[in-house]
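Student: got a sequence here, can you build the structure:
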Amino acid sequence: MKEPNKTFVEARRKLMLEYEQGAEIEISQWLSRYPMIRDELLDYWTWLRRTPRLDTLRTVAADPRDFVAKEALHRAVEAISLGAAWLDDAVDVDKNTEISLGRRVAALRATPRPTAGVAKPAFRKAAVYAWVALKIADERGSATRLSAQKVSHLLERALDLHLFEDHKKMRLGPYDSSARYRDAEPIAEKQGWLAIQGTTLMPGASSAKVNEYARRYVRDNRVAQDLVQVLAKLSDAQLETWATVEWVTRDLVAERRRFDAASIRDRLSRTPAWSLKLEKPNFAPSFITQAIESMLRLRIIAALPEPTL
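Tutor: Here you go, the predicted structure:
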């Protein structure tokens with residue numbers, strides 16, 4: 001871990017120096033130059049580009065009407081790192097499908113979890129992660145790293161798999177860096193289950209073999225597959241919203257607090273890693289409400305608690 005941290009500190013220093021000198025920053029070139037710290041560097045650049053250069057601090061404040069242009073630039077920069085699917089339009093999911101599947105999810109979660117078997121946790125995690133990515137690719141035509149990350153997180157929360165438990169609060173919602181660098185992706189690539197090109201996860205030479213492993217670790221292959229297919233229909237932006245809303249909702253429920261779009265946006269505003277989400281279209285109240293309603297039907301989140309006095 002020390003070497004990547006040193007690399008990030010040096011890259012951050014160079015990027016800030018060029019920015020303050022007035023250089024035109026082509027962030028895609030920086031991400032290509034430092035592939036091992038793409039997420040960290042993009043996160044830093046997203047913050048840095050929103051700060052005024054030192055020589056402009058005394059100028060007139062920016063016109064608020066520039067927000068649309070800034071948001072378009074922000075989405076384009078994210079697409080460079082996350083893949084073109086990040087720009088896909090939101091989609092609607094059939095409510096009856098969600099209700100029916102939600103009943104099956106709840107019934108499965110209520111049954112005893114099977115024994116884990118002899119495979120090591122990292123292998124089990126890699127098998128299911130690769131399986132998720134391949135199912136997403138079947139549905140969409142391709143799978144992004146962000147979609148695999150968010151779907152595996154939501155699958156964990158729905159089915160209590162005890163596999164994807166290392167997610168942290170990152171800029172684009174719950175994110176598991178170990179899946180990318182230490183276990184899921186490296187193992188899946190070594191096994192030939194996945195071929196990884198930039199932000200795209202593609203079938204590997206031995207992708208057909210992943211089903212025989214993954215089905216052992218998802219509790220019920222049919223329920224898990226149907227849930228992944230529903231989630232795979234969502235755009236990457238929707239998946240960011242769903243995964244983040246699930247996390248915040250879980251915190252509010254643990255605190256015995258009511259959750260809705262207003263309370264979730266309030267919590268986001270007071271969460272340093274996520275406060276900037278409030279400027280994004282996919283975190284508008286209507287999108288948060290839709291995420292809540294769908295995840296309630298799918299039983300990914302618990303029913304609304306009674307308001308506390």
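
Student: check contacts around the closest residue to residue 300 other than its chain neighbours.
Tutor: Leaving aside its sequence neighbours, residue 300 sits nearest to residue 158 (CB to CB, 6 or more residues apart in numbering; 4.7 Å). Bear in mind the C-beta positions are built from the backbone N, C-alpha and C, glycine included. Residue 158 sits next to 105, 109, 227, 298, 299, 300 when contact means CB atoms under 8 Å, 6 or more residues apart in numbering.

Student: gap between residue 158 and residue 44?
Tutor: Applying CB to CB, to the nearest Å, the value for residue 158 to residue 44 is 33 Å.

Student: and the strands in the stretch 151-300 of the chain?
Tutor: With DSSP state E, counting those that start in this stretch as the criterion, the stretch 151-300 of the chain has strands at 168-170, 173-175, 194-197, 200-203.

Student: can you tell which of those is closest to residue 238?
Tutor: Closest approach to residue 238 among the strands of the stretch 151-300 of the chain (CB to CB): strand 173-175, 11.0 Å.

Student: so where's this protein uncertain?
Tutor: 1-5, 50-92, 116, 304-309 (pLDDT under 70).

Student: show me where it has its helices.
Tutor: 2-20, 27-33, 38-48, 67-82, 95-109, 121-140, 145-159, 177-181, 184-191, 210-214, 221-232, 236-254, 261-269, 285-297 (DSSP state H).

Student: for those, give me JSON lines that also has distance to residue 166.
Tutor: As requested, those are arranged in JSON lines below (distance: least, CB to CB, whole Å):
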{"stretch": "helix 2-20", "distance to residue 166": "17"}
{"stretch": "helix 27-33", "distance to residue 166": "23"}
{"stretch": "helix 38-48", "distance to residue 166": "15"}
{"stretch": "helix 67-82", "distance to residue 166": "20"}
{"stretch": "helix 95-109", "distance to residue 166": "21"}
{"stretch": "helix 121-140", "distance to residue 166": "9"}
{"stretch": "helix 145-159", "distance to residue 166": "10"}
{"stretch": "helix 177-181", "distance to residue 166": "5"}
{"stretch": "helix 184-191", "distance to residue 166": "10"}
{"stretch": "helix 210-214", "distance to residue 166": "18"}
{"stretch": "helix 221-232", "distance to residue 166": "19"}
{"stretch": "helix 236-254", "distance to residue 166": "13"}
{"stretch": "helix 261-269", "distance to residue 166": "22"}
{"stretch": "helix 285-297", "distance to residue 166": "21"}
